[in-house]
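[1] Sequence and computational prediction follow.
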Amino acid sequence: MRMFIGFTLCLLAACASPREACLRAALSEVATLDRLIAETEANLARGYAIELEPFVTTGVDFCFGRGAYRHGFGTGFRYCNNVETRYREREVAIDPAAERRKLAELRKRRADLAPAAEARAAACPVG
């Protein structure tokens, strides 16, 4: 399934026009700063941050393959372990003063980068 999703994303990226690719490249850093600013504002509004914590789950599944029979030869169905890493959200305490300082720095950095990014975007080919 992951391979299918990766293949689909590759196809979508290949289908992007040269203008879209140029705009994405020109504005990517500003978009990242916008995402970080929104995340920091949400942390301040909530009073805590949300962090993704990995955890491992295991399960038993049916597998098809070699060694399914008692003496290890032949093919057929057998039980196999399925180990998967998943992620759950966890609340994390924040220092509001530090978050406000971080937010001010992010906004300042965005204000400094925005004119150059807009100039690069304006230089992208039309149509």
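    On my side now, so go ahead. Residues are numbered from 1 along each chain as shown.
[2] Which other helices and strands does the helix or strand containing residue 49 contact?
    Element membership for residue 49 (DSSP states H and E) is strand 48-66. Taking 3 or more Cβ pairs under 8 Å, 6 or more residues apart in numbering; DSSP states H and E as contact, the helices and strands that strand 48-66 lies on are strand 75-93. Bear in mind the C-beta positions are built from the backbone N, C-alpha and C, glycine included.
[3] Can you name every helix or strand that the strand it packs on contacts?
    Under the contact criterion of 3+ Cβ pairs under 8 Å, 6+ apart, strand 75-93 touches strand 48-66.
[4] and the strand it packs on, which strands flank it?
    Counting by DSSP bridges, the strands paired with strand 48-66 are strand 75-93 (antiparallel).
[5] and the next element down the chain from the partner strand?
    Downstream of strand 75-93, the next assigned helix or strand under DSSP H and E is helix 96-122.
[6] for that next one, the distance to its chain's centre please.
    Its chain's average C-alpha position is 21 Å from that of helix 96-122, according to Cα atoms, centre = their mean, to the nearest Å.
[7] Same check on stretch 95-105?
    Taking Cα atoms, centre = their mean, one finds the center of stretch 95-105 at 24 Å from the center of the full chain.
[8] average pLDDT across that stretch?
    For stretch 95-105, mean pLDDT is 97.
[9] Looking at the protein, which helix is longest?
    helix 18-46 (DSSP state H).
[10] Which strands or helices does that one pack on?
    For helix 18-46, the packing partners by 3+ Cβ pairs under 8 Å, 6+ apart come out as helix 96-122.
[11] Understood, closing this out.
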